[in-house]
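fold the stuff below for me.
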Amino acid sequence: APYAAGMAYGLRTQGYINQRLGDYALGLTQLLQAQDLFESLDLWDGLADVFDGQAGIYAQTGQYPEALDLTHRQLAAAQRAGDRRRIANAYNNLAAIYGDTRDHARAIATLRQNLQLAADIGYPRIEFLSSANLAEMQLETGDYAEALASAGRALRVCREASFELFEAHALELVGRSYQKLGDYPQAIALLEQALASATKLDARVTAAQVLLDIGEAYRDMQQLDHALDFVQRSVEVAQAVDSRSVLVEAHLLLSGLYEQQGDLAPALAHFKQHNALKEAVFGERAYQRLKVLQVVHDTATARHEAEILQLKTQQLEREIDEQRQVEGFLQAARDSLEEQVQARTSELSDTIALLHQEIAERERAEAEIQQLVETLEQRVAARTDELATFFDLTLLAGQVANLEDVFDQVLPRITEATRSRVICIHLLDADRTALRLVAQENIPAEAQAQLQTVELSPEFQRWLHQANDPLVTTALSHMATVPAVFRLPGFQTFLGAQIRMGQRAEGMLSCFRFTSRGFGVDEVALVMALAEQIGMMLENHRLRQNAEAMAVLEERQRLARDLHDSVSQSLYSLSLFSRAGREAAEDGDMDRLNHSLAELERNTLHTLREMRLLLYELRPADLEREGLVQAVQLRLNTVERRAGLQLDVQLDELPGLSRSGEVDLYHIIVEALNNVVKHAAATHLTLQLTYAGGCLHLHIADDGQGFDPVQAGGGMGLRNIRERVARLDGRLSISSEPGRGTWLEAAIPYRTEIS
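Numbering: from 1, shown residues only. Alright, predicted model coming up:
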């Protein structure tokens, strides 16, 4: 007992140190032990410190409601102790939590109140911290001139109080303020001073952040080589000290810089590293949160076990006393029986009460565990819905060519996942001076006209064209940054996230709610991720359109080559034979005239066949609509019969033929017919497709000029036929003789859709 106060302060200090080192579970355990001692001793100054440390642990693991509750308890303990410095520290913590939960207005008001308190009591450390935090809040809300004033005050207090350790941070804030105001030379000069100060103190985390800020300034000045150099140095320093928060931002900035330079491979690599680090940071925070929850659970369990052990000890002491009484009562036999009955009755009553208490404690613990399980199940269900929304968006973007159809199907899912009343998507017009509504869900009829086209104010343009945090408010009617047309009557809560393609803004995803319940951190992250996914979908749509244009161009070039190689050559031959015939007629040479007219007729028929084949290839395939047999008959009617070929055709119906087999078989037949029309100069064609013995038998023969199989290597047509027959596990034989035509025989296993 004489050393309880010393033990309490020692545990408080150990908890603080482990909190700063990131061992939140051990730190929380020590702070809880210190809390028990301080409460038993009524040491309110120590309790204020303990609540300060516990609130810091909960805030750093993302448990803001618990952190806010503990900070209010810290403030109450400091006020009871009458310690104005600890009161100022508590107000500073409250402002930090308000800032982390995006309640910027309340954070700024608290910091300004705390600045006055710190100045009144002569507490330069809190005066510096409040000024620095106020500058951070004003930078986030876009109030850059006020941010510069607050950062300058922080730097002045830092130098007056000789806070050398804080000077690098103060210089960095002033430099960032000048950067946001567009004064890049002044910003870089101050950031280089901050870098020198951090290097002198070996504050490598601060140095990594300052290097990243300098890189961003050079990026804004479009000096990309300088920007790359400083950001890469930032990555090296951050990796050395394992500063993941800096690494997450640095890899994202590197990805954007390489993309601006057109070097897409490293851009993609750094973007993947950015996502991997971001997931690792979230995972680490979730792991630390779980450990903190385990400590709280173990502490509560230990207290319950201690109470039970104390009751059992008291019971044991009573039993010893009763035993002594029994020994005494044996000496006085007259009263022993009655007193023993009374003692046993009391003992049984205590035991029953103890059992009831233990049962109640266990039921309460089970109820808490059940509630925790239900909460986790709800979170898992929410995350499942979010992932399903992302999957639907990605799947639809790949399957549906029309963006309007994609938006119509996915917007209801986004509305449900974000628990919003109204959703709308605006994209920049061609001049990038206004937003155009491309999709919406549940916009009131009276507001649809005003939201169709939104003119951009200068302040909103600055927010939209730079990579910024989303616009979030629970007082929509008073938010000046948002254009007036977005302030829909009756809606209080608004969340707007940028839709970007790489580093370029393309529009905004807007979410509205009736109530004043704001969007949580997880919901804001979800909407930002959805906006990012929509940007990727827009980029994929643009790439698909480019690919379709290239395919059209390639097909046009192919047709031009075919026309040049076949029809234009044939037409030139016709002109030559026409001229030769005219000269023979003028000379009276009837033999030469008849020869020229015969060649002219033969070449004209050949040209006509080529033209009909090209016209057939320009038509869409009829296989899907007509089936295999009807598609082949249509081809024969369109090309071969019009070319004057005599046909002997036998085509069996093939019910249930597999889709892939039908497509390959159709292309084998068409390829063979093309060879006959183009090269054989035949007058008669036989085509038979029959089924027998579990196989399809294909026979194609012509009476054309044929070829020597030994000398002919075979063109692309024969190669395609062989590949398709092999894919169907079939056997192919092709035979030909010069002047005696060509024969193609194929035997292919018959496969249905069911098999």
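
ranking helices and strands of the chain by mean pLDDT, which lands last?
One helix or strand of the chain scores below all others by mean pLDDT, DSSP states H and E: helix 264-331, with a mean of 63.

show me where pLDDT drops low in the stretch 551-700 of the chain?
By pLDDT under 70, the weakly predicted segments of the stretch 551-700 of the chain are 551-577, 603, 605-625.

any chance you could map the strands in it?
646-651, 684-692, 695-702 (DSSP state E, counting those that start in this stretch).

save those strands as CSV, and put in distance to residue 730 and mean neighbour count too.
Quick note: C-beta positions are derived from backbone N, CA and C, even for glycine. Formatted as CSV, the strands of the stretch 551-700 of the chain follow (distance: least, Cβ to Cβ, whole Å; neighbours: other Cβ atoms under 10 Å):
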stretch, distance to residue 730, mean neighbour count
strand 646-651, 18, 12
strand 684-692, 13, 17
strand 695-702, 8, 19
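
and the ones you listed: which comes nearest residue 5?
Comparison of these against residue 5 by Cβ to Cβ identifies strand 695-702 as nearest, at 96.5 Å.

so what touches that closest one?
For strand 695-702, the surrounding residues in contact (Cβ atoms under 8 Å, 6 or more residues apart in numbering) are 654, 665, 668-669, 672-673, 676, 680, 682, 684-691, 730, 741-750.

one more time with 7 Å, if that's ok
By Cβ atoms under 7 Å, 6 or more residues apart in numbering, the surrounding residues in contact with strand 695-702 are 672, 676, 680, 682, 684-690, 741-750.

angle of the helix or strand just after that strand against strand 695-702?
Going down the chain from strand 695-702, the next helix or strand is helix 716-727, by DSSP states H and E. Here helix 716-727 runs at an angle of 170 degrees relative to strand 695-702 (axes from the mean of the first three to the mean of the last three Cα atoms, to 10 degrees).

what's the first helix or strand after the helix or strand that residue 347 is a member of?
Following DSSP H and E, one finds residue 347 within helix 333-399. Beyond helix 333-399 on the C-terminal side, the first helix or strand identified by DSSP H and E is helix 403-418.

contacting residues around the helix or strand just after that next one?
Sequence-wise, the next helix or strand downstream of helix 403-418 (DSSP H and E) is strand 422-428. Residues from elsewhere that reach strand 422-428, judged by Cβ under 7 Å, 6+ apart: 407, 411, 414-415, 435-443, 451, 454, 506-512, 534.

same deal with stretch 222-230?
So stretch 222-230 is contacted by 211, 214-215, 218-219, 257, 260-261 (Cβ under 7 Å, 6+ apart).

point to the residue nearest the middle of this protein.
Centroid check for the chain by Cα atoms, centre = their mean gives residue 529 as the closest residue, at 4.9 Å.

let's have the strands of the stretch 551-700 of the chain in TSV, adding distance to residue 83.
What follows is the strands of the stretch 551-700 of the chain, written out as TSV (distance: least, Cβ to Cβ, whole Å):
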stretch	distance to residue 83
strand 646-651	100
strand 684-692	98
strand 695-702	95
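
so which of these gets nearest residue 145?
strand 695-702 (81.7 Å).

just want the angle from that closest one to strand 646-651.
Using the same axes, to 10 degrees: strand 695-702 against strand 646-651 is 180 degrees.

just the C-alphas of strand 695-702, formatted as PDB.
Extracted C-alpha coordinates of strand 695-702, given in PDB (Å, rounded to 0.1, in the frame of the first residue of the first chain):
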ATOM      1  CA  CYS A 695     -19.100 -40.000 -87.200                       C
ATOM      2  CA  LEU A 696     -19.800 -37.000 -89.600                       C
ATOM      3  CA  HIS A 697     -18.500 -37.700 -93.100                       C
ATOM      4  CA  LEU A 698     -17.700 -34.600 -95.200                       C
ATOM      5  CA  HIS A 699     -16.900 -35.100 -99.000                       C
ATOM      6  CA  ILE A 700     -16.100 -32.100-101.300                       C
ATOM      7  CA  ALA A 701     -14.900 -32.700-104.900                       C
ATOM      8  CA  ASP A 702     -14.600 -30.500-108.000                       C
END
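
what's across from the nearest residue to residue 468 once chain neighbours are set aside in the sheet?
Nearest residue to residue 468 in three dimensions, chain neighbours excluded: residue 498, at 6.9 Å (Cβ to Cβ, 6 or more residues apart in numbering). Applying DSSP bridges to residue 498 gives these bridge partners: residue 508.

spit out the contact partners of residue 498.
Here residue 498 is in contact with 464, 468, 505, 508, 531 (criterion: Cβ under 7 Å, 6+ apart).

number of nearby residues for the second one?
Residue 468 sits with 15 neighbouring residues when counted by other Cβ atoms under 10 Å.

numbering from 852 from now on, please.
From this message on, residue numbering opens at 852, which makes the last subject residue 1319.

what's residue 1361 sitting at in phi/psi?
phi -120, psi 140 (degrees, to the nearest 10).

just give the number of residues close to it.
27.

I'd assumed residue 1586 was in a helix, is it?
No - under the criterion used here (DSSP: H, G, I helix; E, B strand; the rest coil), residue 1586 is strand, not part of a helix.

distance check, it against residue 1592.
Note on residue 1586: its distance to residue 1592, by Cβ to Cβ, to the nearest Å, is 10 Å.

what do you get for residue 1601?
28 Å.
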